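Q: Turn this into a model:
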Amino acid sequence: MTTCLYNARVLTMDNDRTIDRGGVVFDSDISQVFEGDPHVEHQRADTMVDARGRVVMPAFVDAHTHACWGGHRLDEFDMKLKGATYLELLEAGGGIMSTVRDTRAASEDELVESLGHRLNAMLREGTTTVEIKSGYGLTTDDELKMLRAIRRAGLLWQGEVVPTACIGHALDPDQTGFVQRTIHETLDAVHDEFPGIAIDAYTEQGAWTFDDTVRLFERAMDLGHPVRVHTDQFNELGMTRWAVDHGARSVDHLEATSPDELDRVAKSDTLAVMLPCSGFQVDGRYADGRAFLDACPEGNNLVIATNYNPGSAPTSSMPFAIALSTRHLRITAHEAIRACTTNAARLLGLTDRGTITKGVRADLVMLRHTDERMLGYEFGGNPVDHVWCAGEQVT
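A: The predicted model follows:
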C-alpha cells in the first residue's frame, strides 16, 4: 500500500535539509521526497494524508535502554526521596541487584509480555527502533533468558529491536568467582547463541572495575564482538580513554568526564551517548553536550537516548529526553533530533533509517506541531500524532 503525505514540513535529516509544504511517498520504503503540491502521479497513492503543515520527520531510534526487566523499584524510590544516594542503594544490595532478583524470578514468557507493553508505549511516542540490553540476570542462564526474551518480544513488535548483552552490568556478591565466570562461561554462552552481539559493561565504583572491564572486553573483541561501555556516570575511572583507544562503538553516560577526555571522544570514531533522563532522576548531573559538539572537528557524533530502566531512568519518552537535552546538555532541538535519529541509527549499524531519503525504510512520525523546535521547548504529554513503521501506520 502506497501512502503520500503532503502539505508537510519535512525534516529530512539529510544534510539538514528541511522542506516546507513538501511531502513523502512511500510503501515499506520511501520512494520520493518532493516539494510543493503532490504531482498527478502521487494522487494514485492508496492513501493521501494532508499534514496541514505539521512536521514529518524520521522516527526515533532509542539506542540505549534496559527496557527488559522484572518487578519494580517503587520502594527504593521512597528510600531515595528520604536521602539515599544511587551508589548507597547499590552498595546495600539495592539498585540493579534488586531488579536482578525480580528478573531471575520472572519466566521468559513473563519478560516477553512486560517488555511488549513497554515497546508499545515507546511506539506511541514515536520510537520505532530500540536497543535493549540484558544485564539483570547476571548468571549464564538468566542472561540468556533475557536475551531470548528481548529477541522474542522484538519479533512480535511492529518496530525493530536490537539486543545488547550487558553481561558486565553489576557484581553479584552471592556468586563465587563471578567476574571470572562472566568473562568465560557467560560470554562463551552468549557468543555461541548470539554471535556478533555487542557486549556492554558498567564501569563504576561498586560495579565493574577498570581492570575487570578490560579483561571482559579484550576477550569479547577476540571473539568478534563490538563493545560499548557505561562510563563516567559518577566517577572518572579511565575507562573512557581505554574505550576510545581500542575502538569501542560507544561510551555512554559521561556525566563525570573531564573536558580533556570529552575532547578525546569528540575527535575519535567512538560515539558519545548522553542520557539526560538519568541526570533528571538520579542526581541532577548532566554530560556536557555543548562542549562535546563544539569539539567535534566535523559532523555530529552525539547520541541521546532514554536509558529506559526501572531505577535511574523510568521513562519511555524520547521527546522528554530531547526536552531535557536542550535545557541541560545545552544543545539545540535540531542537534538533539539528529542525536536520536541519524546518529543513533549509525551507532546501531543501521543505514536504512534515521533520514527521509529515497530508498530508506519508511519509519516516520508526524508531530502535532508545525515547528520541530517545539520538541525541545515543550515537555510533558505526547507531541506525536501519527507513526508509520516500515510504511504501515501504527498510531
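
Q: For the residue nearest in space to the middle of the chain, which non-adjacent residue is spatially closest?
A: In the chain, the C-alpha nearest the mean C-alpha coordinate belongs to A63, at 2.3 Å (Cα atoms, centre = their mean). In space, A63 comes closest to A344 once its chain neighbours are excluded; the distance is 4.0 Å by Cβ to Cβ, 6 or more residues apart in numbering. Yep, even glycine has a C-beta here, placed from its N, CA and C like the rest.

Q: G380 versus the one you found, what's the distance?
A: 23 Å (Cβ to Cβ, to the nearest Å).

Q: G359 now?
A: For G359, the distance to G380 (Cβ to Cβ) stands at 36 Å.

Q: Next: E160.
A: From E160 over to G380 the distance is 28 Å, taken as Cβ to Cβ.

Q: Which of those two has more residues huddled nearby?
A: Set E160 next to G380 and count neighbours by other Cβ atoms under 10 Å: E160 wins out with 20 against 9.

Q: pull the CA atoms of the lowest-mean-pLDDT helix or strand in the chain into CSV?
A: Every helix and strand of the chain was ranked by mean pLDDT, DSSP states H and E. The lowest is helix 86-91, at a mean of 74. Backbone C-alpha positions of helix 86-91 (Å, rounded to 0.1, in the frame of the first residue of the first chain) are rendered in CSV as follows:
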residue,chain,number,x,y,z
TYR,A,86,22.3,5.8,44.0
LEU,A,87,25.6,4.3,45.0
GLU,A,88,24.5,3.8,48.6
LEU,A,89,21.5,1.9,47.3
LEU,A,90,23.7,-0.2,45.0
GLU,A,91,26.2,-1.0,47.8
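
Q: Give me the next element, helix or strand, following that helix.
A: Toward the C-terminal end, the helix or strand that comes next after helix 86-91 (DSSP states H and E) is helix 96-105.

Q: angle of the helix or strand just after that next one against helix 96-105?
A: Sequence-wise, the next helix or strand downstream of helix 96-105 (DSSP H and E) is helix 108-124. Helix 108-124 and helix 96-105 are oriented at 120 degrees to each other (axes from the mean of the first three to the mean of the last three Cα atoms, to 10 degrees).

Q: How far off centre is helix 108-124?
A: 16 Å (Cα atoms, centre = their mean, to the nearest Å).

Q: Just the mean pLDDT for that helix, thanks.
A: On average, the pLDDT along helix 108-124 is 98.

Q: For it, name the packing helices and strands.
A: Under the contact definition 3 or more Cβ pairs under 8 Å, 6 or more residues apart in numbering; DSSP states H and E, helix 108-124 sits against strand 127-133, helix 140-156, strand 384-389.

Q: Just want the angle from it to helix 140-156.
A: 40 degrees.

Q: Strand 384-389 and helix 108-124, what's the angle between them?
A: For helix 108-124 against strand 384-389, the angle by the same axes, to 10 degrees is 120 degrees.

Q: How about residues contacting helix 108-124?
A: Contacting residues not belonging to helix 108-124 are listed as 62, 67-70, 103, 106, 130, 132, 145-146, 148-150, 152-154, 156-159, 161, 308, 316, 318, 382, 384, 387, 389, 394-395 [Cβ atoms under 8 Å, 6 or more residues apart in numbering].
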